[in-house]
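*Asks:* quick check, what structure comes out for this input:
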Amino acid sequence: MLRPMLVLLVVASLVACSPSTPPPPPAYTPAVSGITHYEFDPAPQDVSPKMHNWIVVLDKADSAGGAYEIVQETAPLSADGEVGPVVSEVLIETKWIAVNAKGLIHFRLHVGNAVPTANMLAPGNAGHPVVFSGIGTGKGASSWVVLPGGEFERVTPTTTETALVGGACTFIRYLVKNGAGERFQADVVLRRK
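*Replies:* Numbers count the residues shown, from 1 in each chain. The predicted structure follows:
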C-alpha cells in the first residue's frame, strides 16, 4: 500500500514541477537587417553553377516598413568616372518579396553563371540569370541582368553582414565596356518602393 502511494507522490511532484507547455522560443532577430550571408560559386560541379549567392533577412521593422523590389540600375560612366543618368529595370517585383510566418522578409538570391550569356537582347550585351526564392513563403521568381557591354572590367559582390541603409542594399556592381569603348555601371539592388 505504501509503494503505490509513493509512486503516485513522485508522479504528482514531477507533473507539478514541469510546465504544461514549453515556453515559446525567442523571436529571431538577425545580426544585421540586410545581407546575412554571401557565398561565391558554392557548387562548381553543377551543370550551370550559380556564381553569386546571398541570403537576406530583414528585421521586423524593415519587413513591415513597406514593399520591396529588386532592380537593376544602369548608368553610363564618363572617361573621368562620373556617373550619368540612371535607368532602372525591375528584376523581381514586389509581389514575390513577401513576409513569412515569422513576420520577416527572408530570401535567397542567386545572380550569374560561370559564363555570361552573350548577345543578350542585342549584339554585344551580356546576360546573367537572377533567381529569387522566398524562405518560408513558397514564392519564387527569375529574371535576367542585361549588361550593355560584354567586356567586364570589374565585378564587385556585396558580402555578408551588409545592412539595409535608407531602404536599399546593393547585391552586386558590374563595370562593363561595350564594343565602342563606352563604359557602364550596373547595380543589382534591393530597394523599398
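*Asks:* what about residue 162, neighbour count?
*Replies:* Counted with other Cβ atoms under 10 Å, residues neighbouring residue 162 total 18. Quick note: C-beta positions are derived from backbone N, CA and C, even for glycine.
*Asks:* I meant residue 84, not that one.
*Replies:* If we define neighbours as other Cβ under 10 Å, then residue 84 has 12 of them.
*Asks:* so what pairs up with the residue found closest to it once you drop the neighbours it is linked to in the chain in the strands?
*Replies:* Nearest non-adjacent residue to residue 84, counting by Cβ to Cβ, 6 or more residues apart in numbering: residue 76, 4.0 Å away. Per DSSP bridges, the residues bridged to residue 76 are residue 184.
*Asks:* surely residue 76 meets residue 184?
*Replies:* Yes. Counting by Cβ atoms under 8 Å, residue 76 touches residue 184, with 5.6 Å between them.
*Asks:* which one's more surrounded, these two?
*Replies:* Just comparing residue 76 and residue 184: by other Cβ under 10 Å the higher neighbour count belongs to residue 184, 20 against 16.
*Asks:* got a pLDDT number for that one?
*Replies:* Looking at residue 184, its pLDDT reads 97.
*Asks:* go on, residue 10?
*Replies:* With respect to pLDDT, residue 10 scores 43.
*Asks:* how about the one 4 residues further on?
*Replies:* Residue 14 carries a pLDDT score of 43 in this model.
*Asks:* wait, residue 72 touches residue 185, no?
*Replies:* No. When contacts are counted by Cβ under 8 Å, residue 72 is not listed as touching residue 185 (10.9 Å).
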